[in-house]
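Q: Here is a sequence with its predicted model. Questions after.
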Amino acid sequence: MQSDNVTRAKEIIRKYPEVFESLLEFERTKKIPKLYYRKRINITIDENILRDFKEYCRKNNINMSRLLEAKMLESLKSRKAAGNN
(Lines give C-alpha, C1' and ligand atoms only; values in the text may rest on other atoms or scores of the structure.)
Protein backbone atom coordinates (compact mmCIF):
# COMPACT_ATOMS: atom_id res chain seq x y z
CA MET A 1 0.00 0.00 0.00
CA GLN A 2 1.39 3.38 -1.02
CA SER A 3 1.42 6.35 1.28
CA ASP A 4 -0.65 9.42 0.46
CA ASN A 5 2.55 11.34 -0.31
CA VAL A 6 3.68 8.83 -2.94
CA THR A 7 0.23 8.83 -4.53
CA ARG A 8 0.17 12.63 -4.53
CA ALA A 9 3.68 12.83 -6.02
CA LYS A 10 2.73 10.44 -8.84
CA GLU A 11 -0.38 12.52 -9.56
CA ILE A 12 1.68 15.72 -9.75
CA ILE A 13 4.25 14.09 -12.04
CA ARG A 14 1.45 12.84 -14.30
CA LYS A 15 -0.19 16.27 -14.40
CA TYR A 16 2.99 18.39 -14.79
CA PRO A 17 5.68 16.23 -16.44
CA GLU A 18 7.45 19.28 -17.92
CA VAL A 19 8.40 20.50 -14.43
CA PHE A 20 10.14 17.25 -13.58
CA GLU A 21 11.82 17.09 -16.98
CA SER A 22 13.16 20.57 -16.28
CA LEU A 23 14.48 19.44 -12.90
CA LEU A 24 16.26 16.53 -14.56
CA GLU A 25 17.73 18.90 -17.16
CA PHE A 26 18.93 21.21 -14.37
CA GLU A 27 20.53 18.28 -12.58
CA ARG A 28 22.37 17.36 -15.78
CA THR A 29 23.40 20.86 -17.00
CA LYS A 30 23.19 23.03 -13.86
CA LYS A 31 21.13 25.53 -15.90
CA ILE A 32 17.45 26.23 -15.39
CA PRO A 33 15.56 25.72 -18.66
CA LYS A 34 12.40 27.60 -19.57
CA LEU A 35 9.31 25.66 -18.58
CA TYR A 36 6.92 27.26 -21.01
CA TYR A 37 7.60 28.71 -24.42
CA ARG A 38 5.45 31.11 -26.36
CA LYS A 39 4.46 30.30 -29.93
CA ARG A 40 3.71 32.78 -32.70
CA ILE A 41 0.57 31.97 -34.72
CA ASN A 42 -1.01 33.32 -37.87
CA ILE A 43 -4.76 33.78 -37.83
CA THR A 44 -7.32 35.66 -39.89
CA ILE A 45 -9.55 38.17 -38.11
CA ASP A 46 -12.04 40.69 -39.43
CA GLU A 47 -10.05 43.91 -39.87
CA ASN A 48 -12.72 46.08 -38.22
CA ILE A 49 -12.77 43.90 -35.14
CA LEU A 50 -8.98 43.84 -35.05
CA ARG A 51 -8.76 47.62 -35.33
CA ASP A 52 -11.25 48.08 -32.48
CA PHE A 53 -9.52 45.44 -30.37
CA LYS A 54 -6.10 47.05 -30.84
CA GLU A 55 -7.54 50.42 -29.90
CA TYR A 56 -9.23 48.96 -26.82
CA CYS A 57 -6.00 47.27 -25.69
CA ARG A 58 -3.94 50.41 -26.31
CA LYS A 59 -6.33 52.66 -24.37
CA ASN A 60 -6.47 50.22 -21.45
CA ASN A 61 -2.77 49.35 -21.52
CA ILE A 62 -3.52 45.65 -22.08
CA ASN A 63 -1.21 43.18 -23.81
CA MET A 64 -3.28 41.75 -26.68
CA SER A 65 -1.59 38.34 -26.61
CA ARG A 66 -2.09 37.92 -22.87
CA LEU A 67 -5.74 38.90 -23.14
CA LEU A 68 -6.31 36.42 -25.97
CA GLU A 69 -4.53 33.69 -24.00
CA ALA A 70 -6.72 34.39 -20.98
CA LYS A 71 -9.89 34.21 -23.08
CA MET A 72 -8.73 30.99 -24.75
CA LEU A 73 -7.99 29.43 -21.36
CA GLU A 74 -11.35 30.62 -20.02
CA SER A 75 -13.09 28.99 -22.98
CA LEU A 76 -11.22 25.70 -22.48
CA LYS A 77 -12.03 25.64 -18.76
CA SER A 78 -15.72 26.33 -19.36
CA ARG A 79 -15.85 23.53 -21.93
CA LYS A 80 -14.21 21.11 -19.49
CA ALA A 81 -16.63 22.15 -16.73
CA ALA A 82 -19.55 21.54 -19.09
CA GLY A 83 -18.11 18.11 -19.97
CA ASN A 84 -17.31 18.99 -23.59
CA ASN A 85 -13.76 17.92 -24.37
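A: Everything's here; your move.

Q: And the helices in this protein?
A: Applying DSSP state H to the chain gives helices spanning 4-15, 17-29, 47-59, 64-82.

Q: Just put those in JSON lines and tack on mean pLDDT, distance to K39 and mean neighbour count.
A: (Glycine included, C-beta is placed from N, CA and C.) What follows is those, written out as JSON lines (pLDDT from 0 to 100; distance: least, C-beta to C-beta, whole Å; neighbours: other C-beta atoms under 10 Å):
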{"stretch": "helix 4-15", "mean pLDDT": "86", "distance to K39": "21", "mean neighbour count": "10"}
{"stretch": "helix 17-29", "mean pLDDT": "84", "distance to K39": "15", "mean neighbour count": "11"}
{"stretch": "helix 47-59", "mean pLDDT": "96", "distance to K39": "20", "mean neighbour count": "11"}
{"stretch": "helix 64-82", "mean pLDDT": "91", "distance to K39": "10", "mean neighbour count": "11"}
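
Q: can you redo these as a markdown table with distance to R38?
A: Formatted as a markdown table, these follow (distance: least, C-beta to C-beta, whole Å):
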| stretch | distance to R38 |
| --- | --- |
| helix 4-15 | 21 |
| helix 17-29 | 14 |
| helix 47-59 | 17 |
| helix 64-82 | 8 |
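
Q: Of those helices, which is nearest R40?
A: Smallest distance to R40 across the helices of the chain (C-beta to C-beta): 9.4 Å, for helix 64-82.
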